[in-house]
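>>> got a predicted structure plus its sequence, pasted below:
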Amino acid sequence: VAVPEIAPEVMHVLFYEPEGNSLVAESFVSESSTDEDGYTWISGYLSLVPGDYRMLAYNFGTESTTVESRGNYETVAAGSGTVSEQVLSRYSSKAPGEIVVYEPDHLTVAQLELETVPYHDGVHVIEAEATTVVETWYLQIKVEGLEYVSGAQAFLSGMHSGHLISQGDRVEDPQNTVYFTLQSGDDDGTPVICGIFNTFGRVPGSQNSLR
């Protein structure tokens, strides 16, 4: 099973007041280059008044990952969109109030708790390293009679519903059920269905049901 590449193309950069947490400036940067060590740099320009800031940056254009409450540094949160009624129709054992979502896309986030922009001539450079806040899991299940199966849809409950970006915390309430697909495979002669999927992680102590 191929592991998807994490390759952001556009970053949404946001600057906040160091106290009060209000958003004061933002921009989208997309100039991409790769250095001799194989690291990709995405850069751009932003007019910013000299002073102290908090900064967040995340890759823009994800299909299923959403970023909400961007107006305040403390409340910026990543989540995942709920599945369509067509998908839910394949899931006959949905519990009352259960929230079924698509697996999130990788969201690479860079964060600076305090960045001072001095009075200067020319260009002042701000650097930050972005890493993903989404986990990638591998799932494999032994299946008898796999010759009649090409793939399957899976629903896994008891998962975190999001990620509070500035705080680095997972959202435990509400819990989500993640929907993803599996494919047929072979593990040293044993027929299996397997797949790689993304998640914000498992809620500790949660009851995980795989359907």
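Nice, I can see it. Predicted model, so just to flag it, every value in this text is computed and none were measured.

>>> what's the weakest-modelled helix or strand in this structure?
Lowest on mean pLDDT, DSSP states H and E among the helices and strands of the chain sits helix 85-88, with a mean of 86.

>>> mind listing what residue 99 touches?
Contact analysis of residue 99 by CB atoms under 8 Å, 6 or more residues apart in numbering lists 82, 161, 174-177. Using the backbone N, CA and C atoms, a C-beta is placed for each residue, glycine as well.

>>> ok, now with 7 Å
Listed by CB atoms under 7 Å, 6 or more residues apart in numbering, the contact set of residue 99 reads 82, 161, 174, 176-177.

>>> how about the closest residue to residue 35 other than its chain neighbours, secondary structure?
Excluding the flanking residues, the one nearest residue 35 by CB to CB, 6 or more residues apart in numbering is residue 41, at 6.6 Å. Three-state call for residue 41 (DSSP: H, G, I helix; E, B strand; the rest coil): strand.

>>> what bridges to residue 41?
Per DSSP bridges, residues listed as beta-bridge partners of residue 41: residue 33.

>>> burial count for it?
Close neighbours of residue 41, defined as other CB atoms under 10 Å, add up to 11.

>>> and if you look at residue 11?
Using other CB under 10 Å, residue 11 is surrounded by 23 other residues.

>>> OK, contacts around it?
Shown in contact with residue 11 (CB under 7 Å, 6+ apart): 29, 42, 57-60.

>>> which of those fall within helices?
Per DSSP state H, helices hold no members of the contacts of residue 11.

>>> can you add neighbour count and give those residues back as CSV?
As requested, the contacts of residue 11 are arranged in CSV below (neighbours: other CB atoms under 10 Å):
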residue, neighbour count
29, 17
42, 19
57, 23
58, 25
59, 23
60, 16
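
>>> and the residues you listed, which is closest to residue 128?
Using CB to CB, residue 57 comes nearest to residue 128 of the contacts of residue 11, at 6.4 Å.

>>> I'd assumed residue 131 was in contact with that closest one.
No - using CB atoms under 7 Å, residue 57 is not in contact with residue 131; the gap is 11.4 Å.

>>> now, the most widely separated pair of the contacts of residue 99?
Taking CB to CB as the measure, those span a maximum distance of 11.5 Å, between 82 and 174.

>>> neighbour count winner among these two?
Comparing residue 82 with residue 174 by other CB under 10 Å, the one with more neighbours is residue 82, at 15 against 12.

>>> element containing residue 14?
Element membership of residue 14 [criterion: DSSP states H and E] is strand 11-16.
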